[in-house]
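[1] My questions are about this predicted structure, shown below with the sequence.
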Amino acid sequence: MVDPELRTIPAGLVDVTVGVSDPEVTSADALSHFAPDDPAMPMYQVIANNRAPVALRDLMIAPVRSGYVGDGHQPDPTLVPPSGAQAVPEVDVSEIYVPVDGGVARCQLYRPTGTDPEELLPVLVYFHGGGFTVGSSDDCDFLTRKLAATNRALVVSANYRLAPEFPFPVPLDDAYGVYRWVTGNASRIGGDTRFLGVAGDSSGSNFAAAIPLRCADDGVRTPDAVVLLGAMVDFQFERWSSFREQAPRGIVYDTAFTGFIRGAYLPTTPWDHPYASPIEGDLHAFPPTVIATGTHDPIIDSARAFADRLGEAGTSVTTYFPAGMPHGFYFFPGVHPEEDVAYRIVADALAPLISMATAG
């Protein structure tokens, strides 16, 4: 059912999402550019003689990316959870390349196994997490499989360019570009845009929350629903009690990391820009929303406040704030029972919206 032209990169174009986190493609010096006639070159040469890379921003991102995937660490096999394919095998996965500004973005398609290949399914466009600086659609294979299976939907899992090499608005532009393409081309991949939602985890949830605001500003078809896992809706972290109390000693992420990603993603953008902090946007036309965030996630207060503001603006909101759960409790199969509850709550909230949209 997928248009075969989408399975390869068109001649003359490149996959703009490749390379940032691949050390074989991009070195840690990717951010630094030195002109040979720069009058400061003698000092840069002295620094380079002492360390590499020269710029501290380049120096910091390299261990963040290598540590994120556990380079050099041999895990205890008894603590390795099932893979996405093992946990949710009843989903078919393929790849396509979607046009975005500057080239194409690799996306993975997740479709429940056994569905009629000619049937057009409701669509969720998904954005992976990773603090805007790391990760890819491959990392959230379990999440997207589970969403496809539990909602009997086609999930388009999008890659995007990463900060700090590509700060705001480029990553959001890529995410928005994939969404806009799907609005007009879903039938080429087996999707039915009578229901078209957006979803994401962590930093990906930030894009999912920003896209309806941008659609409203641009006069573009607004998503029918929004799903936010580990809802990251406000870059003004310090104003929330939960962040001040939990982040300094955080495990999954902490104040040091949030400061790093804020500088990487928003180096020159005000933190309260509504496309960066959707909690500051005009929420009166916001789609029905599902928010799942644990109480031991430092951003829980902002997630709750976002839900409250949506409700005050007249939006239907379904929330799940499980006690004691950290950021990412929904990420690994079988580690927390709350993970399965979260996906059931999402499915229960989306079912009537999908049914209503696709009736007849």
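    Sure, I can see it.
[2] where's the residue nearest to Ser187 when sequence neighbours are not counted relative to Ile189, distance?
    Nearest non-adjacent residue to Ser187, counting by CB to CB, 6 or more residues apart in numbering: Leu120, 6.2 Å away. Using the backbone N, CA and C atoms, a C-beta is placed for each residue, glycine as well. Per CB to CB, to the nearest Å, Leu120 is found 9 Å from Ile189.
[3] who's more crowded, the two?
    Counted by other CB atoms under 10 Å, Leu120 and Ile189 do not tie: Ile189 has more neighbours, with 23 against 18.
[4] ok, how many other residues are close to the closest residue to the more buried one other than its chain neighbours?
    Excluding the flanking residues, the one nearest Ile189 by CB to CB, 6+ apart is Val2, at 5.2 Å. If you count neighbours by other CB under 10 Å, Val2 ends up with 17.
[5] show me what contacts Val2?
    Val2 makes contact with 94, 96, 109, 188-190, according to CB atoms under 8 Å, 6 or more residues apart in numbering.
[6] Quick check: which element contains the residue nearest the centre of the chain?
    Per CA atoms, centre = their mean, the C-alpha nearest to the average position across the chain is that of Gly204, at 1.9 Å. Using DSSP states H and E, Gly204 sits in helix 203-218.
[7] what's the offset of that helix from the middle of its chain?
    Relative to its chain's centre, helix 203-218 lies at 11 Å (CA atoms, centre = their mean, to the nearest Å).
[8] for that helix, which positions count as buried?
    203-216 (16 or more other CB atoms under 10 Å).
[9] what does stretch 180-197 give?
    Neighbour-count burial for stretch 180-197, counted by 16+ other CB under 10 Å, picks out 180-183, 185-186, 188-197.
[10] For Pro89, state which of these is nearest.
    Of all these, Gly190 has the smallest distance to Pro89: 19.5 Å, by CB to CB.
[11] What backbone torsions are found at the closest one?
    Gly190 has phi and psi values of phi 90, psi 20 when expressed as degrees, to the nearest 10.
[12] Surely it and Asp3 touch.
    No - Gly190 lies out of contact with Asp3 (CB atoms under 8 Å); the separation is 9.4 Å.
[13] And the lowest-mean-pLDDT helix or strand in the chain, what does it pack against?
    Every helix and strand of the chain was ranked by mean pLDDT, DSSP states H and E. The lowest is helix 56-68, at a mean of 81. Helix 56-68 sits against helix 255-265, with contacts defined as 3 or more CB pairs under 8 Å, 6 or more residues apart in numbering; DSSP states H and E.
[14] Tell me, how many residues neighbour Arg7?
    11.
[15] Can you give me the pLDDT of Gly360?
    Here the pLDDT value assigned to Gly360 is 67.
[16] no wait, Gln45
    Gln45 carries a pLDDT score of 88 in this model.
[17] From Arg51, how far off is it?
    For Gln45, the distance to Arg51 - CB to CB - is 12 Å.
[18] How about Thr319?
    Using CB to CB, Thr319 is found at 47 Å from Arg51.
[19] out of those two, which sits in the busier spot?
    Thr319 (20 against 9).
[20] pretty sure the more buried one is in a strand, no?
    Yes - counting by DSSP: H, G, I helix; E, B strand; the rest coil, Thr319 is located in a strand.
[21] Next up, the contacts around it.
    290-292, 304, 307.
[22] who wins for neighbours among these?
    Neighbour tally across those (other CB under 10 Å): the maximum, 28 neighbours, falls on Ala292.
[23] Mind listing the residues bridging to that one?
    Applying DSSP bridges to Ala292 gives these bridge partners: Leu229, Tyr320.
[24] And the helices in the stretch 1-150 of the chain?
    Taking DSSP state H, counting those that start in this stretch as the test, the helices found in the stretch 1-150 of the chain are 41-50, 56-68, 84-87, 141-151.
[25] residues in contact with the third one?
    What it means is helix 84-87. Defining contact as CB under 8 Å, 6+ apart, one finds that helix 84-87 is touched by 81, 141-146, 333-334.
[26] So what's the gap between that helix and the chain middle?
    Distance of helix 84-87 from its chain centroid, counting by CA atoms, centre = their mean, is 20 Å.
[27] How about the last one?
    With CA atoms, centre = their mean as the basis, helix 141-151 stands 15 Å off its chain's centre.
[28] Show the average pLDDT along it.
    In this model, helix 141-151 carries a mean pLDDT of 98.
[29] tell me the angle of it relative to helix 203-218?
    Angle, helix 141-151 to helix 203-218, by axes from the mean of the first three to the mean of the last three CA atoms, to 10 degrees: 60 degrees.
[30] Same check on the first one?
    Helix 41-50 and helix 203-218 meet at an angle of 150 degrees, taking the same axes, to 10 degrees as the criterion.
[31] now helix 41-50, how far from the centre of its chain.
    For helix 41-50, the distance to the chain centre is 38 Å (CA atoms, centre = their mean).
[32] who touches the closest residue to Ala323 other than its chain neighbours in this structure?
    Excluding its sequence neighbours, the residue lying closest to Ala323 (CB to CB, 6+ apart) is Thr295, at 5.2 Å. Going by CB under 8 Å, 6+ apart, Thr295 touches 321-325.
[33] Let's see that with 10 Å instead.
    242, 246, 301, 303-304, 321-326 (CB atoms under 10 Å, 6 or more residues apart in numbering).
[34] Buried only: go through those residues for me.
    242, 246, 301, 303-304, 322, 325-326.
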